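Peer 1: Give me a model of this one.
(2 chains)
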Amino acid sequence: MSTTIFLQALLSGLTNGAIYALVAVGLTLVFGVMRIVNFAHGEFLMLAMYGGYLAFTFLGLDPILAVFLVAPVLMLMGYLLFDGLIRPALKVPEINQMAVTLGLSLLLQYLALVAFKADNLLVTQERSTASIWLGPVLIQMPQAIAALASIILLGLFYLVLRKTDLGLIMRVVSQSRDGAALSGIDISGTYRWAMAIGLGTLGIAGPLMVSALYVNPHVGQLFTLKAFVIVIVGGMGSFGGVLIGALLVGIAESIAASWLTASVAAAVPFALLILVMLLRPEGLVPAGGSR
Amino acid sequence: MTKFRIDRRQTLLMGAAIAMPAIVPSRGRAATEALKIGVLVPTTGVHASDGIRMLKAHQLAAKMINESGGLKSLGGAKVELLVTDIQSKPEVSRAEAERLISRERVSALTGAWASATTIPAAQIADRNRTPFMITSAVNDALTEQGMKYVFRTAVKAKWFGGYIADFLDYQKSKGISVGKIALATEDGPAGQAVRSNYTSVMPGRGYPILTDETFRTGTPDFSTIATKLRTSGADGLLTCAYAEDSTVLLRALAAQGFRPLYVGFGGAHVNQTVLAAGKPSDRTFGVVEWSPDLNKPASQAFVKAFAEAHPGETPLSNQAQAFVATYALALAADAAKSTDRNAIREALTTLKITDGPAAVLPAPVLSFDEQGQSPATCVIVQAIEGKFVTVWPEAVAARPPAPVQG
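Peer 2: Coordinates of the predicted model:
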């Protein structure tokens, strides 16, 4: 493998990793705060991607602007989802909770199939084939924008969590729900915010990713499993972990794909998962805290 | 000891069961039994877009057959399609084939889009002595392993290389020289078959392969592959990829400013989705089994009938194959004067279609050899100004190929 190809694989891996982090951060937030495993996470990304496509096709909105429309819609969905489905599910055993979100995942895919049909839809702009050259290697413009948005968002998350009251409350609730309740914190309210923000991040990822990729009712499936691997490898509920996990997965996947056959390379993120689970089961950057 | 009590609910149910035959008229008493054909298509899952298209073609064939009087030798028996969704999954395709054969007692099966989903279903059909008419799968082994009940209207993967080499020779004769090839194929059974074919055929025909890349369908990023293709020094690129992956690859190539002579594979490339990518897909070629602008009366009739049934829609290559597959099964049953599976199989081996509504595909004759393979051929189309146009062979071309640059 030549230097150029290695460098390109590395750069693409970092870019993809940043984008995966954007997708996975909502998942780790929901898990960290609520201990809910949301199997429908990829489907909300799919809905956000359709949102970006529709905003572009029918409102003529550039995907970057569409983010300001789609993210609030996804936040609202998160809000409604909590009260409608998740709050009742919190009372049942965890295995049932998983079944609920799994069922939701399938339901959303098939509803999308009915609403949008199966066709692959594209957002095609001048920018779709523009690129940024860094010496012999390049980043494609849509991917670069998504990666940049991801880094900005993760930075904002860090600030919110460390510097604001809401962030403090979320950290407290994720460390000890009972302790937080005893301190007078409104647990339901915190959960609602966590879900809203968790899905809201997908509202940012969706329009930006549809310009780099395509959308169909099953596109969320490409990312759900990867997001889970990232969240587990990084440490469930840990934000530093999400970024590190995502970059690791992105780079491992990219370099493996350029070095080995496609099928073997596809197994690499899972091999990484197994390795981390064997050596450091709490994840690379554990969030810590008890129930 | 528990008493056996028949309560009111059970009495009602028993009464309904007894009364049912009197209320619901029994079917199948008429002299004409229908020809039941099981149709395996993915209407959900990653291939849903293609599966739904294929289904429309199957349905149009059944409709046209029934409206022109059905199977005359069977007293006007109608073709009845039993459609099932295989969810783009091989294990579901297998299970559904099993179900259609043993529970629904179909006379024949057809389908099932991708090679990955067709192989298990064809094997089940062969084992259960039920004719299976492959519509679109290109994996060579399907008509090379002596499965006596498996037939195919599609072209085998190993033939495509030959047709592409013929086309490149033709380009060379017109002064457009392509010296060195790169390959980019998906790593499923279809892509593997195509890659195996291209790597064995192209070098022998004078087109050395400098690099051959594989990828998983659904890969979100093609920049590294695009870099490898660009830095290989190739000026021609042959691919086998599903439509959505093609758009990402084409954009990645355009972002790097790399414009090789691109030949995509089959209906997966010659597709509305690929055209929607705009400039990156413009001037790319596709090697396909059929094109809507083909100069054959049955073909034109098919395109017209399709447009009437689905306004604004033009059929794609694989849909013509599905249409012909359905017709072939019906014509065989008609020739055999029977809906019996073995009789249909026998009739398929001697079928020879040269005209009539089923003569849609470019080859002059539709027949099936001892391995069940039809002598299917290909044409080359090119994306010019947002449409795919047939550019080779000259005999059926609408216009000569346009230059790749400019």
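Peer 1: Please give me every residue in contact with B:Asp245.
Peer 2: Neighbouring residues of B:Asp245 by C-beta atoms under 8 Å, 6 or more residues apart in numbering or on different chains: B:186, B:215, B:217-219, B:222. Using the backbone N, CA and C atoms, a C-beta is placed for each residue, glycine as well.
Peer 1: Among these, name the ones in strands.
Peer 2: Cross-referencing those against strands under DSSP state E gives B:186, B:215.
Peer 1: contacting residues around the residue of the stretch 101-250 of chain A found nearest chain B?
Peer 2: Residue nearest to chain B within the stretch 101-250 of chain A: A:Ala118 (3.3 Å; C-beta to the nearest C-beta). Applying C-beta under 8 Å, 6+ apart to A:Ala118 gives the contacts A:216-217, B:43-44, B:48-49, B:51-52.
Peer 1: Give the closest residue to A:Gly245 in space, chain neighbours not counted.
Peer 2: For A:Gly245, ignoring the flanking residues on the chain, the nearest one in space by C-beta to C-beta, 6 or more residues apart in numbering or on different chains is A:Gly234 at 3.0 Å.
Peer 1: Which residue does chain B have closest to chain A?
Peer 2: Closest point on chain B to chain A, by C-beta to the nearest C-beta, is B:Ala48, at 3.3 Å.
Peer 1: okay, now the domains of chain B?
Peer 2: Domain ranges of chain B: B:35-155+B:295-375, B:158-288+B:380-392, per automatic domain parsing.
Peer 1: Neighbour-wise, which one of the contacts of A:Ala118 leads?
Peer 2: In terms of neighbours by other C-beta atoms under 10 Å in any protein chain shown, the contacts of A:Ala118 top out with A:Pro217 at 27 neighbours.
Peer 1: Helix, strand or coil: sort out that residue for me.
Peer 2: On the three-state scheme (DSSP: H, G, I helix; E, B strand; the rest coil), A:Pro217 is labelled coil.
Peer 1: show me the contacts for it.
Peer 2: A:46, A:109-110, A:112-113, A:116, A:118, B:48.
Peer 1: re earlier: and which of the contacts of B:Asp245 is nearest B:Trp392?
Peer 2: B:Glu186 (24.7 Å; C-beta to C-beta).
Peer 1: returning to that earlier point: including mean pLDDT, could the domains of chain B go into TSV?
Peer 2: What follows is the domains of chain B, written out as TSV (pLDDT from 0 to 100):
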stretch	mean pLDDT
domain B:35-155+B:295-375	94
domain B:158-288+B:380-392	93
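Peer 1: Reformat these as JSON lines; add distance to A:Ala71.
Peer 2: JSON lines is the format used below for those (distance: least, C-beta to C-beta, whole Å):
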{"stretch": "domain B:35-155+B:295-375", "distance to A:Ala71": "27"}
{"stretch": "domain B:158-288+B:380-392", "distance to A:Ala71": "21"}
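Peer 1: what helix or strand is the closest residue to B:Val41 other than its chain neighbours on?
Peer 2: Sequence neighbours aside, B:Gly51 is the residue nearest to B:Val41 in space, at 4.2 Å (criterion: C-beta to C-beta, 6+ apart). Per DSSP states H and E: B:Gly51 is located in helix B:48-67.
Peer 1: that older thread, contacts only, for the spatially closest residue to the residue of the stretch 101-250 of chain A closest to chain B that is not a sequence neighbour.
Peer 2: Nearest residue to A:Ala118, sequence neighbours excluded (C-beta to C-beta, 6+ apart): B:Ala48, at 3.3 Å. Listed by C-beta under 8 Å, 6+ apart, the contact partners of B:Ala48 are A:113, A:118, A:216-218, B:42, B:88.
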